[in-house]
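[1] sequence plus predicted model, see below.
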Amino acid sequence: MASYPKSLLALVEGLKKLPGVGRKTAERFAFKILDWPQKDIAFLAATLYQLTDSIKKCNQCGCLQESS
């Protein structure tokens, strides 16, 4: 891999954890995200951070539901 800044490498490694995303795709995603406006990046980060608190699986049927 090219000599990228540590923060960019960390993003690529995080994106590689998604199913079907290898190194090259993760790099493409990371470089695209770098082009996004700061508000879009902040929105994505906040949404991901809050996701596990707001979405739960139903104990009975396993469907996803938003907790209130």
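    Perfect, thanks for sending it.

[2] so which residues make contact with whichever helix in the chain runs longest?
    Taking residue count as the measure and DSSP state H as the definition, the longest helix of the chain comes out as helix 38-54. The list of residues contacting helix 38-54 from outside it, by Cβ atoms under 8 Å, 6 or more residues apart in numbering, reads I33, E66, S67. No exception for glycine: its C-beta is placed from N, CA and C like everyone else's.

[3] filter those residues to the buried ones?
    Under a neighbour-count criterion of 16 or more other Cβ atoms under 10 Å, the subset of the contacts of helix 38-54 counted as buried is empty.

[4] if we can go back for a sec, as PDB, could you dump the C-alpha coordinates of the longest helix of the chain?
    As requested, C-alpha coordinates have been extracted for helix 38-54 and formatted as PDB (Å, rounded to 0.1, in the frame of the first residue of the first chain):
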ATOM      1  CA  GLN A  38     -17.300  18.200   6.600                       C
ATOM      2  CA  LYS A  39     -21.000  18.200   7.500                       C
ATOM      3  CA  ASP A  40     -21.600  15.000   5.500                       C
ATOM      4  CA  ILE A  41     -18.700  13.300   7.200                       C
ATOM      5  CA  ALA A  42     -19.900  14.500  10.600                       C
ATOM      6  CA  PHE A  43     -23.400  13.200   9.900                       C
ATOM      7  CA  LEU A  44     -22.100   9.700   8.800                       C
ATOM      8  CA  ALA A  45     -19.800   9.600  11.900                       C
ATOM      9  CA  ALA A  46     -22.700  10.500  14.300                       C
ATOM     10  CA  THR A  47     -25.100   8.100  12.600                       C
ATOM     11  CA  LEU A  48     -22.600   5.200  12.900                       C
ATOM     12  CA  TYR A  49     -21.800   6.100  16.500                       C
ATOM     13  CA  GLN A  50     -25.500   6.100  17.600                       C
ATOM     14  CA  LEU A  51     -26.500   3.100  15.600                       C
ATOM     15  CA  THR A  52     -26.000   0.400  18.200                       C
ATOM     16  CA  ASP A  53     -27.800   2.500  20.800                       C
ATOM     17  CA  SER A  54     -30.900   3.200  18.600                       C
END
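
[5] I am finished for the moment; much appreciated.
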